[in-house]
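# My questions concern the predicted model and sequence given below.
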Amino acid sequence: MLPARRTSKSVKRARRSHHALKAVNVSACPQCGQAKLPHRACMNCGYVSPKVSIKIKSEE
């Protein structure tokens, strides 16, 4: 069965206004200054918090 009325451009675009992608929230690592996700370990140095640090394997 077909729709009774055609969806207008404004209604269609208003519905899609929430589909936009949001920017990733990054913060600077206090140890090395590299960009990292909040509440995650730094991929560069492995820093998590002053008491916790993770060892990162070096690529060679």
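Cool, got the structure. Bear in mind that the values here come from a model prediction, so they are computed numbers and not experimental data.

# those strands in this structure, which residues are they?
Listed in chain order, the strands found in the chain under DSSP state E are 27-28, 35-36.

# All the helices of the protein, residue numbers only.
9-15 (DSSP state H).

# show me where pLDDT drops low in the chain?
Along the chain, the model assigns pLDDT under 70 to residues 58-60.

# Give me the most central residue, it.
The geometric centre of the chain, computed from its C-alpha atoms, lies nearest to Val24 (CA atoms, centre = their mean), at 3.1 Å.

# how close does it get to Ala35?
The gap separating Val24 from Ala35 is 9 Å, by CB to CB, to the nearest Å. To be clear about C-beta, it is placed using only N, CA and C from the backbone, and glycine gets the same treatment.

# Show the contacting residues for Tyr47.
29-32, 41, 53-54 (CB atoms under 8 Å, 6 or more residues apart in numbering).

# Show the buried residues in those residues.
Neighbour counting with 16 or more other CB atoms under 10 Å marks 29, 41 as buried within those.

# Name the pair among the contacts of Tyr47 with the greatest separation in space.
Spatial extent of those (CB to CB) is set by the pair Pro30 and Ile54 at 14.9 Å.

# which parts of stretch 33-41 are buried?
For stretch 33-41, by 16+ other CB under 10 Å, it's 36, 41.

# For it, measure first residue to last.
For stretch 33-41, the first-to-last residue distance is 13 Å (CA to CA, to the nearest Å).

# repeat for stretch 8-25
Separation of the first and last residues of stretch 8-25 by CA to CA is 35 Å.

# Equivalent analysis for stretch 27-36, please.
Between the opening and closing residues of stretch 27-36 lies a distance of 6 Å (CA to CA).

# I appreciate the help and will end here.
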